[in-house]
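Asker: Take this sequence and fold it.
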Amino acid sequence: MTASLKASTLSLYKSHSPNRSPFSQKPSAGRRSLKVSALSVGDRIPASELAYFDSEGGKHTVNLAEICAGKKVVLFAVPGAFTPTCSLKHVPGFITNADAIKAKGVDTIACVSVNDPYVMDVWAKSVGSGNKVMMLADGGAVFTRALGVDMDKTNKGLGVRSRRYSMILEDGEVKVLNLEDGGGLTSSGAEEILAALGSPLSKESFLSSTPEINVDNVQPFWGGPSTPVSSAQEGQIDVGNVKPFW
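Answerer: Reported below is the predicted structural model:
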């Protein structure tokens with residue numbers, strides 16, 4: 001082996017040694033990171049296809065960018081269907097205040113969750129979203145990842161989920177964004193959206209107007225048997241103290 005070949009081999013070995021792994025080095029200038037940054041105000045919503053069922057049981061796919069084109073849309077996301085905070089507080093808040101939100105010029109209110117469309121359809125019926133809130137399924141988390149708001153809950157047996165958020169879109173551009181750190185509900189509810197639209201709503205008004213949910217037929221999100229809940233027990237649910245399921 002010539003001296004020059006030995007030198008080249010040694011140089012190659014050093015550059016790939018454990019202490020100098022090319023995969024552990026900081027990206028050089030101009031190198032693109034694989035991690036997508038979270039959406040921010042001023043960004044445009046990506047053209048992603050989501051699925052939903054209409055009121056007559058027909059399954060459809062819809063391009064979210066097309067829904068937003070030339071319209072004002074309120075979009076919010078929850079970590080999972082049939083989970084406590086989502087079912088008792090987040091979604092009901094938007095259902096109850098849908099008319100007030102739309103009275104401010106909003107054309108569509110839509111909810112996104114990383115669930116399949118069949119689960120979203122059953123959940124929509126259980127919470128009574130009707131024609132007030134579109135329940136959109138992001139089954140493969142493609143849209144959620146495109147926004148950069150995915151969170152890995154594999155260690156809890158839940159796979160990839162979405163961070164909780166709410167936003168106001170005008171012609172597909174993000175004008176207002178309330179992005180939670182994780183799954184907790186502190187700043188992304190209907191109250192904050194109404195305030196951003198110019199119609200503040202007190203928490204007391206929100207809690208007193210939360211619609212009744214038929215919990216008799218709701219199955220737990222982990223697939224186990226449900227226990228019927230009496231009307232008296234339903235009235236004892238303190239939604240103010242509901243904790244995120246993780």
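
Asker: quick one: which helix or strand includes the nearest residue to P46 once chain neighbours are set aside?
Answerer: What sits nearest to P46 in space, not counting adjacent residues and going by Cβ to Cβ, 6 or more residues apart in numbering, is A146, at 4.3 Å. C-beta coordinates here come from the backbone N, C-alpha and C atoms, glycine included. When elements are defined using DSSP states H and E, A146 is found to belong to helix 142-147.

Asker: How about residues contacting stretch 139-158?
Answerer: By Cβ atoms under 8 Å, 6 or more residues apart in numbering, the surrounding residues in contact with stretch 139-158 are 35-39, 46, 48, 50-51, 64, 77, 79-80, 112, 114-117, 138, 159-163, 165, 179, 182-183, 246.

Asker: how far away is the residue nearest to P46 from L179?
Answerer: As for A146, its distance to L179 is 15 Å (criterion: Cβ to Cβ, to the nearest Å).

Asker: Low-confidence stretches in this protein?
Answerer: In the prediction, the chain carries residues with pLDDT under 70 at positions 1-37, 199-246.

Asker: show me where it has strands.
Answerer: Along the chain, the segments classed as strands by DSSP state E run 49-53, 59-63, 72-78, 108-113, 134-137, 150-153, 159-162, 165-170, 173-179.

Asker: how much does the last one deviate in direction from strand 72-78?
Answerer: Here strand 173-179 points in a direction 30 degrees away from that of strand 72-78 (axes from the mean of the first three to the mean of the last three Cα atoms, to 10 degrees).

Asker: One more: the second one?
Answerer: On the basis of the same axes, to 10 degrees, strand 59-63 is oriented at 120 degrees to strand 72-78.

Asker: contacting residues around strand 59-63?
Answerer: With contacts defined as Cβ under 8 Å, 6+ apart, strand 59-63 is touched by 47-54, 117, 136.

Asker: circling back: can you tell me the number of residues neighbouring the residue nearest to P46?
Answerer: With neighbours defined by other Cβ atoms under 10 Å, the count for A146 comes to 17.

Asker: again with A190
Answerer: Around A190 sit 25 other residues, with neighbours defined as other Cβ under 10 Å.

Asker: Do I have it right that it meets N97?
Answerer: Yes - under the contact definition of Cβ atoms under 8 Å, A190 touches N97, with a separation of 4.4 Å.

Asker: Which parts of this protein are helices?
Answerer: 3-15, 64-68, 84-85, 91-96, 98-102, 117-127, 142-147, 190-197, 203-208, 231-234 (DSSP state H).

Asker: which residues sit in contact with the closest residue to N178 other than its chain neighbours?
Answerer: Once its chain neighbours are removed from consideration, N178 has its nearest residue in S188; the separation is 4.2 Å (Cβ to Cβ, 6+ apart). Contact partners of S188, counting by Cβ under 8 Å, 6+ apart, are 76, 90, 164-166, 178-180.

Asker: need the residues you listed in a markdown table with neighbour count, can you?
Answerer: As requested, the contacts of S188 are arranged in a markdown table below (neighbours: other Cβ atoms under 10 Å):
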| residue | neighbour count |
| --- | --- |
| F76 | 24 |
| H90 | 25 |
| R164 | 27 |
| Y165 | 20 |
| S166 | 28 |
| N178 | 18 |
| L179 | 18 |
| E180 | 18 |
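
Asker: Would you format those residues as a markdown table with distance to V127 included?
Answerer: A markdown table is the format used below for those (distance: Cβ to Cβ, whole Å):
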| residue | distance to V127 |
| --- | --- |
| F76 | 13 |
| H90 | 10 |
| R164 | 16 |
| Y165 | 19 |
| S166 | 16 |
| N178 | 21 |
| L179 | 23 |
| E180 | 20 |
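
Asker: coming back round to it: how close does the residue nearest to N178 sit to V122?
Answerer: Taking Cβ to Cβ as the measure, S188 falls 24 Å from V122.

Asker: ok, of the contacts of strand 59-63, which one's closest to C86?
Answerer: C86 lies nearest to L136 out of those, by Cβ to Cβ, at 13.8 Å.
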